[in-house]
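Engineer: Any chance you could fold what I've pasted below:
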Amino acid sequence: MDFEIFKLNMILELWYIVLPMCVFVVFAARYLENILMSLLGFLLGSFFVSPLIIEWMGRVEFLSGLQQKLLENSTAHLIFVLVLGVLCGAVLYGLYKIFVFLAGFLAAGALGYYLTRLILQSKELGAIGQLDLNVLVSIGVGLSLGVVCGLIAVRKSSQVLAVISLLVASGLLSFSLVGWSYVLMTRSPTEEISKMFESQPITFAFVVVWLVLFALSVLLNFKKRARVAPRESKSNKVNQ
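Structural biologist: Predicted coordinates:
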């Protein structure tokens, strides 16, 4: 995979934005569902969507000039990244319930469809006209399971959102820690940070740090939530 497309050096160079936001997400994921979605949209829009759009501009003739200006002018590039991050944050803030439902629907629907096809592989259910019943049953199971899991995902949207946000935030924190260590040890410019993934030990260290940070952040958020729940139930019983 060509990591240079994502301009990963921006994550290091904008450390004064990335680190505070990621730390805030790690500690506040259990509290602020709506703000969390905006922050997640901002991070995704700024550091994942914007590089892809800039790369796409180079393939469109009338936008290639704009791409060149963004790449040459660091101020214009920063403004573009921040504006796109704000836009993505606003979009996800307004539509995240739909995205949560679609994520649950597609994941569970695909799983249900392929598992049913696998189970019915050695059986022949026949056909209705030109329609194969094996395919129809698989589609029916996939759609049913997808709708149920999509609705469950929406009902548990705060937990789903918290886990996704923690995954992104811990990944960015891991990249910042390992990335800056790589830059300082090799004395490479930040523009060449994508080369660190050419080293298997460094890539392994990045993944390990990411998983450790993710596990700790999940424990931090959901363990405290579990402790608060019994206290609330006790207070409700006392009031009754």
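Engineer: And the host helix or strand of residue 55, what does it pack against?
Structural biologist: When elements are assigned from DSSP states H and E, residue 55 belongs to helix 50-57. If contacts are counted by 3 or more Cβ pairs under 8 Å, 6 or more residues apart in numbering; DSSP states H and E, helix 50-57 sits against helix 64-72, helix 74-119. For the C-beta atoms, the positions are set from N, CA and C on the backbone; glycine is no exception.
Engineer: hey, where'd the strands end up in this protein?
Structural biologist: Ranges of strands within the chain are 127-128, 131-132, based on DSSP state E.
Engineer: so where's the chain uncertain?
Structural biologist: 1-7, 30-34, 122, 125-131, 224-240 (pLDDT under 70).
Engineer: related to what we said a few turns ago, can you state the direction angle for the helix holding residue 55 and helix 74-119?
Structural biologist: 100 degrees (axes from the mean of the first three to the mean of the last three Cα atoms, to 10 degrees).
Engineer: ok, the spatially closest residue to residue 97 that is not a sequence neighbour to residue 207 distance?
Structural biologist: Counting by Cβ to Cβ, 6 or more residues apart in numbering, residue 97 lies nearest to residue 154, which is 5.7 Å off, once chain neighbours are set aside. Separation of residue 154 from residue 207 (Cβ to Cβ, to the nearest Å): 31 Å.
Engineer: Which residue of these two possesses the greater neighbour count?
Structural biologist: Comparing residue 154 with residue 207 by other Cβ atoms under 10 Å, the one with more neighbours is residue 154, at 18 against 13.
Engineer: and that one, what does it touch?
Structural biologist: 97, 100, 101, 104 (Cβ atoms under 8 Å, 6 or more residues apart in numbering).
Engineer: which residues does the residue nearest to the last one when sequence neighbours are not counted contact?
Structural biologist: In space, not counting the residues next to it along the chain, residue 104 is nearest to residue 153; the distance is 3.0 Å by Cβ to Cβ, 6+ apart. Residue 153 sits next to 100, 101, 103, 104, 105, 160 when contact means Cβ under 8 Å, 6+ apart.
Engineer: I figured residue 18 hits residue 174, correct?
Structural biologist: No - the pair residue 18 and residue 174 does not pass the contact test of Cβ atoms under 8 Å, sitting 11.6 Å apart.
Engineer: what's the neighbour count on residue 64?
Structural biologist: Neighbours of residue 64 (other Cβ under 10 Å): 12.
Engineer: can I assume it is in contact with residue 56?
Structural biologist: No - if you go by Cβ under 8 Å, residue 64 and residue 56 don't touch, sitting 10.6 Å apart.
Engineer: Any buried residues in stretch 54-68, and which?
Structural biologist: Within stretch 54-68, the residues scored as buried using 16 or more other Cβ atoms under 10 Å are 54, 57, 67.
Engineer: Just give the closest residue to the last one, not the sequence neighbours.
Structural biologist: Read that as residue 67. Nearest to residue 67 is residue 57, by Cβ to Cβ, 6+ apart, at 3.8 Å.
Engineer: Could you measure from that neighbour over to residue 75?
Structural biologist: 18 Å.
Engineer: Could you pull out the helices in this protein for me?
Structural biologist: Ranges of helices within the chain are 9-13, 15-28, 33-44, 50-57, 64-72, 74-119, 133-155, 157-186, 200-239, based on DSSP state H.
Engineer: Next, work out how far apart the residue nearest to residue 145 when sequence neighbours are not counted and residue 150 are.
Structural biologist: Leaving aside its chain neighbours, residue 145 sits nearest to residue 112 (3.5 Å; criterion: Cβ to Cβ, 6+ apart). Here the criterion is Cβ to Cβ. By it, residue 112 lies 12 Å from residue 150.
Engineer: try residue 74
Structural biologist: On the measure of Cβ to Cβ, residue 74 and residue 150 end up 42 Å apart.
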